[in-house]
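# With the sequence up front, the predicted model follows.
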Amino acid sequence: MKVFISRVSTDEQSELRQIQNVEGFDKVIIDKCSGLIPLWERPESGKLKKLVDNGTIKHIEVHSIDRLGRDTLSVLSVWKELTEKGVRVVCRNPVSYTHLRAHETLMNLVCRLLLEKR
């Protein structure tokens with residue numbers, strides 16, 4: 001199964017910029033909640049946990065890497081968990097400078113290293 005995950009922080013924000021070119025995906029997930037909420041605890045993304053655990057999901061794609069978590073450690077934790085379960089994680093725009101904080105610039109380096117290994 002191929003899944004696209006989108007997240008915006010509030011109901012007032014539009015996810016349309018993130019969910020372009022999603023033809024061919026089996027499921028498009030849209031969460032409207034704070035990035036502080038861990039991926040598996042979000043209203044819609046949380047429903048995917050069982051599908052990841054049982055191997056049904058083979059591909060997860062996001063608009064930008066900061067959609068997976070609020071900070072570098074949470075993003076890396078999710079990325080590691082997914083890849084260890086055989087899920088291919090694709091990030092269309094590895095670094096979203098508008099969302100990164102100054103102390104999170106390490107994410108840029110990590111993204112480049114991860115992308116170079118593909």
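Looks like it arrived, so ask away.

# When you work out contacts or count neighbours from here on, use the C-alpha atoms and nothing else.
OK.

# Just give me the longest helix of this protein.
helix 72-84 (DSSP state H).

# what residues are up against the residue nearest to the spatial centre of the chain?
Centroid check for the chain by C-alpha atoms, centre = their mean gives residue 68 as the closest residue, at 3.4 Å. For residue 68, the residues meeting the contact criterion (C-alpha atoms under 8 Å, 6 or more residues apart in numbering) are 35, 39, 62, 74, 75, 78.

# Tell me which two in those residues are the farthest apart.
62 and 74 (15.1 Å; C-alpha to C-alpha).

# Those two - which one has more neighbours?
More crowded of residue 62 and residue 74, by other C-alpha atoms under 10 Å: residue 62, with 22 against 16.

# Quick check: the more buried one is in a strand.
Yes: the assignment for residue 62, made by DSSP: H, G, I helix; E, B strand; the rest coil, places it in a strand.

# Please read off the pLDDT at it from the model.
Per-residue confidence (pLDDT) for residue 62: 92.

# my guess is it contacts residue 79, does it?
No: contact criterion C-alpha atoms under 8 Å: residue 62 and residue 79 do not qualify, at 11.5 Å.

# ok so, going back, closest to residue 15 among the contacts of residue 68?
Using C-alpha to C-alpha, those come closest to residue 15 at residue 62, 11.7 Å.
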